[in-house]
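A.B. asks: Sequence unavailable; structure follows:
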C-alpha cells in the first residue's frame, strides 16, 4: 500500500517519470510541472525539490535553505533515489494549485 502522506502532508496524486538518459527523467518531470504552471525549486543533492504556483512565487530555493513553514507552502515535491539516471516521482499535496487529472 502506498503512503497517503509525505512529510506529514496528505498526498492527492503521485506520478512516476522514467526516461532513459542522464537527468532525462528529472528534465521531463520538470517540464511537465512547468507546463502546468508551477515554479520549480533548485536541486540539492538527494533532497526533495519543491514546486509551487508560479503566479504566487518568483523563486523557490533549495530544500535545505527553506524552513518547515516554507515547506508547508509548497504544492508538492519531486523525489528520486538517483536524480542522474533513475526515475523521478512527482508528489502533489492536498489542495494543489491546479486540479490534477489522470492523463
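C.D. replies: Ah, there it is. This one's a predicted model, so the numbers in the text were calculated from it and none came from an experiment.

A.B. asks: so who does residue 39 touch?
C.D. replies: Going by Cβ atoms under 8 Å, 6 or more residues apart in numbering, residue 39 touches 51, 52, 53, 54, 57, 58, 59, 60. C-beta here means a position set from N, CA and C on the backbone, and glycine is covered the same way.

A.B. asks: Who's the closest spatial neighbour of it, skipping the chain neighbours?
C.D. replies: residue 54 (4.1 Å; Cβ to Cβ, 6 or more residues apart in numbering).

A.B. asks: Distance of that neighbour relative to residue 28?
C.D. replies: 18 Å (Cβ to Cβ, to the nearest Å).

A.B. asks: Tell me how far the residue nearest to residue 39 lies from residue 18.
C.D. replies: With Cβ to Cβ as the criterion, residue 54 and residue 18 are 25 Å apart.

A.B. asks: Comparing these two, which shows the higher neighbour count?
C.D. replies: A count of neighbours by other Cβ atoms under 10 Å puts residue 54 above the other of residue 54 and residue 18, at 16 against 12.

A.B. asks: How about the contacts made by the more buried one?
C.D. replies: By Cβ under 8 Å, 6+ apart, the neighbours of residue 54 are 34, 37, 38, 39.

A.B. asks: can you do 7 Å?
C.D. replies: 37, 38, 39 (Cβ atoms under 7 Å, 6 or more residues apart in numbering).

A.B. asks: Which one of the residues you listed is nearest to residue 14?
C.D. replies: Closest approach to residue 14 among the contacts of residue 54 (Cβ to Cβ): residue 38, at 15.5 Å.

A.B. asks: which phi and psi does the closest residue to the closest one other than its chain neighbours have?
C.D. replies: The shortest distance from residue 38 to any non-neighbouring residue, by Cβ to Cβ, 6+ apart, is to residue 51 (4.3 Å). The phi/psi pair for residue 51 (degrees, to the nearest 10) reads phi -140, psi 150.
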